[in-house]
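Q: Predicted model and sequence below, questions to follow.
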Amino acid sequence: MEDRRYRLGHRQGDRWVAYRHAATFEAGDRVIAGIPSSDPGVLQSLVSLLRGPLRLLYVLHTPRGEAAAGRYESPEISVEQTSLFIRRFSDFLAADGRFDLWVHSATDHATLVWDRHDQLFGYGPVDLFVSRFREMGFVAGRVEVPGQHEHHYRAEMDVHAADLLAAFDWRHSPLRPEDEQ
């Protein structure tokens with residue numbers, strides 16, 4: 001039976017399969033890394049480097065009935081609350097491509113963005129992020145998204161998407177043009 005638990009797919013012959021990034025990163029004024037196997041632990045590891053309070057931005061660009069499309073900003077939360085959130089929703093975060101997730105620390109002037117292409121962008125303390133990527137076994141290299149690809153949305157994840165939106169008193173605002181697919 002085919003595994004359909006993935007956020008990003010690509011064509012392999014006549015079928016769609018999961019696209020798995022290599023453990024690589026590119027560093028400059030920001031760092032970009034592919035998230036191998038859509039592993040939320042990569043984001044969680046970088047979050048642990050930040051100082052709170054943090055804010056999450058859940059960008060719901062492809063709703064499936066759980067809420068209106070838009071940007072959902074959390075209240076200020078601690079690093080620990082953010083880690084609990086990532087762990088609680090890890091299955092959903094790893095298996096569904098309807099969203100982008102941002103984590104921001106005003107204290108550190110840092111922002112992490114896990115996008116629908118399973119890329120993680122780190123702004124702010126780039127050297128610190130690069131060091132953590134190296135500790136996790138990542139190597140410098142090109143991060144690529146396949147030209148022909150699909151964003152995967154799973155009906156069985158709809159309830160988890162709704163639960164995620166019930167986790168905080170999110171402040172909703174419309175999508176920006178750059179958020180839309």
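A: Good, I have the coordinates.
Q: Give me the distance between the two termini of stretch 104-111.
A: 4 Å (Cα to Cα, to the nearest Å).
Q: List the neighbours of it that are in contact with it.
A: Around stretch 104-111, the neighbours that count as contacts under Cβ atoms under 8 Å, 6 or more residues apart in numbering are 50-57, 102-103, 112, 121-125. All C-beta atoms are positioned from the backbone trio N, CA, C, and that covers glycine.
Q: switch to 10 Å and redo it
A: For stretch 104-111, the external contacting residues (Cβ atoms under 10 Å, 6 or more residues apart in numbering) are 30, 46-47, 49-57, 73-74, 76, 79, 82, 102-103, 112-113, 121-126, 128-129.
Q: Next one: V113 from R7, what distance?
A: Shown here: V113 relative to R7, a distance of 14 Å by Cβ to Cβ, to the nearest Å.
Q: how about low-confidence regions in this protein?
A: For the chain, the stretches with pLDDT under 70 are 1-4, 6, 8-10, 149-152, 181.
Q: Need phi/psi at the residue nearest in space to the middle of it.
A: Closest to where the C-alpha atoms of the chain average out (Cα atoms, centre = their mean) is W114, at 2.7 Å. Listed backbone geometry of W114 is phi -100, psi 110, with angles given as degrees, to the nearest 10.
Q: so it bridges to which residues?
A: In this structure, W114 has the following beta-bridge partners (DSSP bridges): L101, L120.
Q: before we move on, back to that, would you write a PyMOL line that selects the buried entries of the contacts of stretch 104-111?
A: This is how PyMOL selects the buried members of the contacts of stretch 104-111, with burial counted by 16 or more other Cβ atoms under 10 Å:
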select buried, resi 46+47+49+50+52+53+54+55+56+57+73+74+79+82+102+103+112+113+121+122+123+124+125+128+129
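Q: Which ones among the contacts of stretch 104-111 lie within helices?
A: Using DSSP state H to define helices, the subset of the contacts of stretch 104-111 located there is 46-47, 79, 82, 126, 128-129.
Q: Determine which two of the residues you listed are furthest apart.
A: Greatest spacing in the ones in helices among the contacts of stretch 104-111, by Cβ to Cβ: T82 and V126 (20.1 Å).
Q: in the protein, which spans are strands?
A: 8-12, 15-18, 24-27, 31-34, 54-60, 70-73, 99-105, 110-114, 119-123, 139-140, 149-151, 171-173 (DSSP state E).
Q: Just give the strands next to the second one in its sheet, each with its orientation.
A: Translated: strand 15-18. strand 8-12 (antiparallel).
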